[in-house]
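# Whatever this is, show me its structure:
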Amino acid sequence: MIQQEYRQNSLDYWNNVHKEYNRETIKVDDWLERFDSIIENSSKPILDLGCGGGNDTLYLISKGRQVISCDQSENAIKNIIKNFPEVKETRCFNMLDGIPFEDDSFEVVIADLCLHYFNDEDTRSIISDIYRILVPGGHLILRVNSINDVNHGAGQGEEIEHHVFETEGKTIKRFFDEEDVREYFKDFSIEYLNEEIMTRYKLEKRLFRVCVRKDNK
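Prediction:
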């Protein structure tokens, strides 16, 4: 029951965040530039998981890539459709229900600040699902909260699981240290892992920028 409450509260929160806005208000930071060679060499559409306002979708289409933008928020998807006519496919789903794509569907998956809202069991299940939909040799490029992200909730609220806190809005938020990242992505080869600062928000955000590869079997 409590997990269902977290889930509904999360959906309500993000639908409120992603009210109507226009393309010119969307900010792009440069976090994906390091991985441009991976992005540009993808022969398949790139999956933008948890696309939110479309920051990474905008970056990817600026590189001439085909993008499939996905989010649990209906409002987010409506804005993507309105603001990005270049995007030919969108999906609205909750990753807790599984990622609705076939095995080996993508060479590149982007998961920017969307994998840190789940308990341990669900986090592992979602990451396993991402592994499934990547082709051998495919890449997952992601950012997740750092345990040092005190401006955005690290160490605040009730700790309901290791590094997982209940927020004031009765949702949950996970914060990672390097050991956590290596544990959760142990089935991948880690090509890049670094704790960094993002300045796109009003207050600086501390996070891990990560690129992992699904090895050829």
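# Need the residues that contact the helix ranked longest in the chain.
Looking across the chain with DSSP state H, the single longest helix is helix 2-17. With contacts defined as CB atoms under 8 Å, 6 or more residues apart in numbering, helix 2-17 is touched by 52, 71-76, 94, 96, 117, 119, 169-172. Yep, even glycine has a C-beta here, placed from its N, CA and C like the rest.
# Could you identify which of the residues you listed has the most neighbours?
residue 71 (28 neighbours; other CB atoms under 10 Å).
# So residue 81 sits against residue 88, correct?
No: counting by CB atoms under 8 Å, residue 81 does not reach residue 88; the two are 10.4 Å apart.
# number of nearby residues for residue 45?
18.
# Might you report the residue contacts of the residue nearest to it when sequence neighbours are not counted?
Using CB to CB, 6 or more residues apart in numbering and skipping residues adjacent in sequence, the residue nearest residue 45 is residue 66, 4.0 Å away. Contact analysis of residue 66 by CB under 8 Å, 6+ apart lists 44, 45, 46, 88.
# between these, which is nearest residue 112?
residue 46 (11.9 Å; CB to CB).
# element containing the closest residue to the closest one other than its chain neighbours, please.
Leaving aside its sequence neighbours, residue 46 sits nearest to residue 108 (CB to CB, 6+ apart; 4.6 Å). Under the criterion of DSSP states H and E, residue 108 resides in strand 106-112.
# do residue 114 as well
Residue 114 belongs to no helix or strand, assigned by DSSP H and E.
# so what pLDDT did the closest residue to it other than its chain neighbours get?
Closest residue to residue 114 apart from its sequence neighbours, by CB to CB, 6+ apart: residue 50 at 2.5 Å. Note on residue 50: pLDDT of 97.
# I'd guessed residue 50 sits against residue 71; true?
Yes: here residue 50 lies in contact with residue 71, judged by CB under 8 Å, at a distance of 5.8 Å.
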